[in-house]
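S.K.: coordinates for the following, if possible.
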Amino acid sequence: MANGADRTPVLQNEDWWSCFIGWLFIVLATFHLLPATPKIGTWTELSQIFPQGWGTVSTTVLFFLISLASTYVAGLYLKFDLKKYIPGFFFIFLLSIVSMILAKQQFFHDWGISYVLFALVFGLIISNLFKVPAVLKAAGQTEFFVKIGLVCMGATIMFSVVLKAGLVGVIQALLVATTVWFMTYHICRWFKVSERFSAIIASANAICGVSATIAAGGAIQGDPKEISYMVAWVLVCAVVLVLVMPPLAIWMGLPNNMAGAWLGGVIDNTGAVIAAGEVVGGKAAVDAAAMVKMAQNVLIGFAAFGMALWASMKLDRAEGGAAPSLMEVWYRFPKFVVGFMAASLVVSFVFEPLMGNKVAEGIGKATNSYRSWFFTFCFVSIGLETDFKELISVGGGRPAIAYWISQTLNAVWTLFIVWILWSGTFFVPPILPD
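M.R.: Now for the predicted structure:
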C-alpha cells in the first residue's frame, strides 16, 4: 500500500538531507577538499591490505569523522537517537571496513564478489543469530545511507562517457531496459505479485539492480521489506552471473566488444560488470561492459519520474486515493533522484566544460569512493533489520521465481540485441581497442 505523498518540511526530509550531504561531498571534491577514503589494496597476503601503511590510520579516522559528522547533523533534524547513533555508527563503520577488505582479497576481487554482499552477510549473521543491540538499530539508517550514495553516484555519470558508447550503446540501453521492464512486470503479475512489488522487481532487472530498486521503491512508495528483499536477490544474482556469463561468452566465441556489451546489459551490479569483463579478457570487453552499464544508469532518473507519475495517476486512485495533481507527482518523486540527476548534469555540463575532463573525472573518482562506502553502510544496515526466514518466505517464493525467469529471458533478449547492434552486420559499432 502507498504511504501517501511526502509533504515533510525540507529540513525534516531524509531525501533532501541526502541531497545536501551528497552535494557537499561533490563541492568539496571539486576544490580538492574532500578527505580521501581508506586505501585498501588487492591482496593475497595480509601485508598487502593497506598499501599506505600507518598513513591509513589518519585517512580512516578523518573519513570516519566526516561521515559521522555529516549524518549526525542531519540526524538532529531527522530525530535520530543521537546518543546511540554514535557508537552504533562506529560499529557499522568497522563492519564496512572488514567487508571492503574481504572484497579486495584476490580471489573475491577477480570474480566480482562485491563488498556489499559481505556487508549484507555480516548484518544478516548478527540479526539472525543474535539480538541486534539498540545502538545498531539506532545507527542502521538504511535508506538514508543509500540515498547519499546515489547522489554521489550522480557525479560519476558524465554524458561524455556515455556518448563514447555512441548511438549503438544508447540504443541497446533503451531497447533492453524498456523491453525487459515490461516483460518482467507482466511475468511478476502472472505470478500474482502485487503491482508495486512487480514494478520494483522490473526496475531491478531492467535498469541497474540495487540503485534502480531503491529509486523505484521510493517513487512508488513500496514496502521497505520488499525493497530489501529485491536488493538481496540482486546481489546473489550478480555473483551467479559473473560465474556463468563470461565462460558462456567465451564458449560462444563472442568478440570481446560483443561479450562486454552483453555483460553490461544483463548484470545489474556495476562492480560485477567490470569484473566479468575482466574475466572475458581484453580491454574492449571491459570498456563495452562499462559504457553499456553507464548508459543504463542514466535511465534511473527517467524511470523514477515515470513510475512516480504512474503510481499517482493509476495505483493510488485504484486504492481509493483522490485524483492527483501535478504537485502530487512532485511530492511523490524521490528527491534523492533529483540530487542524483542534478549531480550528473552539473558535472557533465558545467564542471567538465569549464574545468576540463580531468577535473570532472577526478570529482567522479572521489565521490565514487564515498558512494561505495555509504552503500556498504546501507547493506550492513539492511542485514541488521532483515529476518532471513522472512526474506525467503516473501510472497511464498513467487517473486523470486518470477525474478529468475525474467533474468534468464533478459540474458537471451540482450544477446539478440547485442548481435544486431555490435556484430557489424547491421550497424557500425564503436571501435574499442583490445
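
S.K.: ok, Asp287 touching Gly260?
M.R.: Yes - under the criterion of C-beta atoms under 8 Å, Asp287 makes contact with Gly260 at 6.7 Å. The C-beta positions use only the backbone N, C-alpha and C, and glycine is treated the same way.

S.K.: please name the nearest non-neighbouring residue to Gly301.
M.R.: Spatial nearest neighbour of Gly301, excluding adjacent residues (C-beta to C-beta, 6 or more residues apart in numbering): Met341 at 4.2 Å.

S.K.: tell me the mean pLDDT for whichever strand or helix holds that neighbour?
M.R.: Here Met341 sits within helix 335-346, counting by DSSP states H and E. Taken as a whole, helix 335-346 has an average pLDDT of 91.

S.K.: run a quick neighbour tally on Leu174.
M.R.: Counted with other C-beta atoms under 10 Å, residues neighbouring Leu174 total 14.

S.K.: give me the nearest residue to it, chain neighbours excluded.
M.R.: Closest residue in space to Leu174, ignoring its immediate chain neighbours: Leu299 at 7.8 Å, by C-beta to C-beta, 6+ apart.

S.K.: check what pLDDT the one you found gets.
M.R.: Leu299 is assigned a predicted lDDT (pLDDT) of 83.

S.K.: how about Glu328?
M.R.: The model reports Glu328 with a pLDDT of 68.

S.K.: how about Val428?
M.R.: pLDDT recorded at Val428 is 69.

S.K.: what do you get for Glu361?
M.R.: So Glu361 comes in at 91 (pLDDT).

S.K.: how about Pro38?
M.R.: The predicted structure scores Pro38 at 95 on the pLDDT scale.

S.K.: what of Ile227?
M.R.: What the model reports for Ile227 is a pLDDT of 86.

S.K.: in what element of secondary structure is the closest residue to it other than its chain neighbours found?
M.R.: Among residues not flanking Ile227 along the chain, Gly217 sits closest, at 4.0 Å (C-beta to C-beta, 6+ apart). Remark: Gly217 resides in helix 210-220, with elements defined by DSSP H and E.

S.K.: can you check what angle separates that helix from helix 335-346?
M.R.: 130 degrees (axes from the mean of the first three to the mean of the last three C-alpha atoms, to 10 degrees).

S.K.: now for helix 210-220, which elements pack on it?
M.R.: Contacts defined by 3 or more C-beta pairs under 8 Å, 6 or more residues apart in numbering; DSSP states H and E place helix 210-220 against helix 142-154, helix 195-203, helix 224-251, helix 299-310, helix 335-346.

S.K.: re earlier: the more surrounded of Asp287 and Gly260?
M.R.: A count of neighbours by other C-beta under 10 Å puts Gly260 above the other of Asp287 and Gly260, at 33 against 23.

S.K.: tell me if I'm right that that one and Lys283 touch.
M.R.: No - applying C-beta under 8 Å, one finds Gly260 not in contact with Lys283, separated by 9.4 Å.

S.K.: tell me the contacts of Ala134?
M.R.: Taking C-beta atoms under 8 Å, 6 or more residues apart in numbering, we find Ala134 in contact with Lys84.

S.K.: how about low-confidence regions in the stretch 251-400 of the chain?
M.R.: The model of the stretch 251-400 of the chain has pLDDT under 70 over residues 316-326, 328-329, 391-392.

S.K.: strands of that one, residue ranges please.
M.R.: Using DSSP state E, counting those that start in this stretch, the stretch 251-400 of the chain contains no strands.

S.K.: where along the stretch 51-200 of the chain do the helices fall?
M.R.: Under the criterion DSSP state H, counting those that start in this stretch, the stretch 51-200 of the chain contains helices at 55-78, 82-103, 106-110, 115-129, 134-139, 142-154, 159-164, 166-190, 195-203.

S.K.: pretty sure Ala202 contacts Val193?
M.R.: No - between Ala202 and Val193 there is no contact under C-beta under 8 Å: 9.9 Å.

S.K.: okay, these two: which has more neighbours?
M.R.: Neighbours per residue (other C-beta under 10 Å) separate Ala202 from Val193, with Ala202 holding more: 29 against 24.

S.K.: next up, the contacts around that one.
M.R.: Ala202 makes contacts with 180-182, 184-185, 188, 216, 406, as judged by C-beta under 8 Å, 6+ apart.

S.K.: for Leu243, state which of the residues you listed is nearest.
M.R.: The closest of the contacts of Ala202 to Leu243 turns out to be Ser406 (C-beta to C-beta; 19.3 Å).

S.K.: just the element for that closest one, please.
M.R.: For Ser406, the host element (DSSP H and E) is helix 398-422.

S.K.: buried stuff in that helix?
M.R.: Within helix 398-422, the residues that count as buried by 16 or more other C-beta atoms under 10 Å are 399-400, 402-403, 405-407, 409-411, 413-415, 417-418, 421-422.

S.K.: then stretch 88-96?
M.R.: By 16+ other C-beta under 10 Å, the buried positions in stretch 88-96 come out as 88-89, 91-93, 95-96.

S.K.: what is the helix holding Met341 packed up against?
M.R.: helix 14-30, helix 142-154, helix 210-220, helix 299-310.

S.K.: let me know which of those is the nearest to Leu46.
M.R.: With C-beta to C-beta, the closest approach to Leu46 among these belongs to helix 142-154: 28.5 Å.

S.K.: which elements pack onto the closest one?
M.R.: Other helices and strands packing on helix 142-154, by 3+ C-beta pairs under 8 Å, 6+ apart, are helix 14-30, helix 55-78, helix 210-220, helix 224-251, helix 335-346, helix 357-384.

S.K.: from Lys79, how far off is Leu409?
M.R.: The gap separating Leu409 from Lys79 is 44 Å, by C-beta to C-beta, to the nearest Å.

S.K.: got it, and Lys225?
M.R.: Remark: distance between Lys225 and Lys79 (C-beta to C-beta) = 22 Å.

S.K.: ok, those two, which is more surrounded?
M.R.: Neighbours were tallied for Lys225 and for Lys79 using other C-beta under 10 Å; the higher tally belongs to Lys225 (15 against 8).

S.K.: separation between the more buried one and Phe145?
M.R.: Counting by C-beta to C-beta, the gap from Lys225 to Phe145 is 17 Å.

S.K.: rewinding a little: so which of the helices and strands packed on helix 210-220 is the most packed in?
M.R.: helix 142-154 (a mean of 28; mean count of other C-beta atoms under 10 Å).

S.K.: quick one, that one and helix 82-103 angle?
M.R.: 50 degrees.

S.K.: could I get the buried residues of stretch 88-96 as JSON lines with pLDDT and distance to Ala249?
M.R.: As requested, those are exported to JSON lines (pLDDT from 0 to 100; distance: C-beta to C-beta, whole Å):
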{"residue": "Gly88", "pLDDT": "97", "distance to Ala249": "44"}
{"residue": "Phe89", "pLDDT": "98", "distance to Ala249": "42"}
{"residue": "Phe91", "pLDDT": "97", "distance to Ala249": "41"}
{"residue": "Ile92", "pLDDT": "97", "distance to Ala249": "37"}
{"residue": "Phe93", "pLDDT": "98", "distance to Ala249": "38"}
{"residue": "Leu95", "pLDDT": "97", "distance to Ala249": "35"}
{"residue": "Ser96", "pLDDT": "97", "distance to Ala249": "33"}
